[in-house]
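K.L.:
how would this look folded up:
(one chain, ligands or ions: 1)
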Amino acid sequence: MVQSIKKISILGSTGSIGISTLDICRQHPDRFEVVGLAAGRNIDLLLQQISEFKPKIVSIHSEEDYQNLSSKIPTTTEIVFGSSGTCAVATLSECDLVISAIVGAAGLAPTLAAIEEGKDIGLANKESMVIAGEIMSERAAKNNVKILPVDSEHSAIFQCLNGENVKDVNKIILTASGGPFLHTAPNEFEHITKEQALKHPNWDMGAKITIDSASMMNKGLEVMEAHWLFNMPIEKIDVVVHPQSIIHSMVEFVDASVVAQLGEPDMRVPIAYALSYPRRMTTQVTPLDLTKHRELTFYKPDLEKFKCLKLAFQVASKGKTYAPVLNAANEVAVAAFLQDQIRFIQIPELIDVCLQAHMPISIDSIDTILSADSWARKFVITSIGNIS
Ligand code: MG
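P.N.:
Predicted coordinates:
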């Protein structure tokens, strides 16, 4: 059977997920055409991507970079900039599938714009689902859009649920590597440095998600992402620490049967599944050889040590505008930690103070979410100013 070529746009093309997505498209030129790219500030890499993939439209973050880029790219590629530019890439009429891989709440607007235009979504931007899960799910259903998880845990769950009835699920078990501080004593947390936090044992990722993994906020965000993606109550979502990152997540069914998805930790596998769904395709990833792994171990997460995960669980069951506030407070705190303005243990402290000061309201629109988000950002920036 002749397969039609799927046309792909990538939001966040110069980040870790964007680069891996293009790597897969490069290996399967008969299946994918890259029609749109949106990037932040890495112009050199974006220029290489433009010359290799010849997209129809490209967006860059700043107007200044847009001026620089305009003279360097072929006239067959349209160039735009800013958040309206990202939305233009997300909604390009000929695009079939948008890989949403911008970091943070900034990914929400272009992802929603793509959903409104009926584009299927490969979702790596978990923050959009965390802060606006209900609205995203509703609009995806209305526009007959598939949201295909790219996050490795959610791709695993998605695969485990294939052909199953959600009513037969007892619980979802999200695995967590535990990050670089799994065995660090609680009293040593105050001395954690940026360099230590940026060294993830298993996954090679961008700075923000690497810090989130070290604090285990990443797993907290993933609990909320799973809640909305799979329409599963929070009480039915468990987190198990599994340092080897070989089991990417599991589903337990009512008959006590547990289905798991395994593989070497390599993001090209979940990305390839989102691109080729419902079929599978070859990747250049080394297949798993279980005889080479001496042991697979599992622990309960320590919520007293990893306070970010505890906060996320609390927020997940409270609903209302708490999730956008937690997410925005975390984004500001992580950025401040990366700029050496605060210490690692201050990340959950700042988020906690912000959550306690927040007056929550029910989410009835995107505006409600965005105003909670901007309130939290200002609150945490002010708090950091008062510390230093
Ligand atoms: Mg993940």
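K.L.:
shouldn't His227 be in contact with Gly220?
P.N.:
No - with contact defined as CB atoms under 8 Å, His227 does not count as touching Gly220 (11.2 Å). C-beta here means a position set from N, CA and C on the backbone, and glycine is covered the same way.
K.L.:
pull up the overlap in contacts between these two.
P.N.:
Counting by CB atoms under 8 Å, 6 or more residues apart in numbering, the contacts common to His227 and Gly220 are Ala316.
K.L.:
more neighbours: those two, which one.
P.N.:
Between His227 and Gly220, counted using other CB atoms under 10 Å, the more crowded position is Gly220 (29 against 22).
K.L.:
please give me every residue in contact with that one.
P.N.:
Cys308, Leu309, Leu311, Ala312, Phe313, Val315, Ala316, Leu326.
K.L.:
secondary structure class for it?
P.N.:
Per DSSP: H, G, I helix; E, B strand; the rest coil, the secondary structure class of Gly220 is helix.
K.L.:
next one: Thr14
P.N.:
coil.
K.L.:
tally up the residues packed near it, please.
P.N.:
With other CB under 10 Å as criterion, Thr14 counts 22.
K.L.:
right, and it touches Gln49 too?
P.N.:
Yes - between Thr14 and Gln49 a contact is recorded at 7.3 Å, counting by CB under 8 Å.
K.L.:
for the stretch 51-200 of the chain, what lies in contact range of the ion?
P.N.:
Asp151, Ser152, Glu153 (CB under 5 Å from the ion).
K.L.:
now Lys72: closest residue in space, sequence neighbours ignored.
P.N.:
Spatially, and ignoring its direct neighbours in sequence, Lys72 is nearest to Leu47 (6.2 Å; CB to CB, 6 or more residues apart in numbering).
K.L.:
pretty sure the one you found contacts Pro74?
P.N.:
No - Leu47 is not in contact with Pro74 according to CB under 8 Å; the separation is 11.0 Å.
K.L.:
give me the more crowded residue out of the two.
P.N.:
Looking at Leu47 and Pro74 with other CB under 10 Å, you find the greater number of neighbours at Leu47, namely 16 against 8.
K.L.:
how close does that one get to Ile79?
P.N.:
Counting by CB to CB, to the nearest Å, the gap from Leu47 to Ile79 is 11 Å.
K.L.:
which neighbours do those two share?
P.N.:
Residues within reach of Leu47 and of Ile79 at once, by CB under 8 Å, 6+ apart, are Leu69, Ile73.
K.L.:
so what's the residue count around the residue of the chain found nearest the ion?
P.N.:
For the chain, the residue closest to the ion is Asp151, as judged by CB to the ion, at 4.2 Å. Look at Asp151: counted by other CB under 10 Å, it has 28 neighbours.
K.L.:
now swap in Met217 and tell me
P.N.:
Look at Met217: counted by other CB under 10 Å, it has 26 neighbours.
K.L.:
can you check the one 5 residues further on too?
P.N.:
Applying other CB under 10 Å, we find 30 residues neighbouring Glu222.
K.L.:
quick one: contacts for it?
P.N.:
Lys126, Asp151, Glu153, His154, Leu174.
K.L.:
where does Val334 fall, secondary structure wise?
P.N.:
helix 322-338 (DSSP states H and E).
K.L.:
got it, and Ile17?
P.N.:
With DSSP H and E as the criterion, Ile17 is inside helix 16-27.
K.L.:
I figured Ile211 hits His200, correct?
P.N.:
No - look at Ile211 against His200 with CB under 8 Å: they stay out of range, at 9.5 Å.
K.L.:
more neighbours: which of the two?
P.N.:
Ile211 (26 against 19).
K.L.:
report the inter-axis angle for the helix or strand encompassing the more buried one versus helix 322-338.
P.N.:
Assigned by DSSP H and E, Ile211 falls within helix 207-215. Put simply, helix 207-215 runs at 100 degrees to helix 322-338, going by axes from the mean of the first three to the mean of the last three CA atoms, to 10 degrees.
K.L.:
residues contacting helix 207-215, please?
P.N.:
Counting by CB under 8 Å, 6+ apart, 103-104, 177, 179-181, 192, 196-198, 200, 203, 205, 218-219, 221, 306, 308-309, 330-331, 334-335, 337-338, 344, 347-348 sit against helix 207-215.
K.L.:
kindly recompute the last result at 6 Å.
P.N.:
With contact meaning CB atoms under 6 Å, 6 or more residues apart in numbering, helix 207-215 is reached by Val103, Gly179, Pro180, Phe181, Ala197, Leu198, His200, Asn218, Cys308, Val334, Leu338, Ile347.
K.L.:
of these, just the buried ones, ChimeraX syntax please.
P.N.:
The ChimeraX command for the buried members of these (criterion: 16 or more other CB atoms under 10 Å) is given here:
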select :103,179,180,181,197,200,218,308,334,338,347
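K.L.:
just flag the most distant two among the contacts of helix 207-215.
P.N.:
For these, the farthest-apart pair by CB to CB is Val103 and Phe181; their separation is 21.5 Å.
K.L.:
skipping its backbone neighbours, what lies nearest Met217 in space?
P.N.:
In this structure, Met217 finds its nearest non-sequential neighbour in Cys308, 3.7 Å apart by CB to CB, 6+ apart.
K.L.:
now do the one helix or strand that neighbour maps to against helix 322-338, angle only.
P.N.:
Here Cys308, judged by DSSP H and E, is contained in helix 307-318. Helix 307-318 and helix 322-338 are oriented at 160 degrees to each other (the same axes, to 10 degrees).
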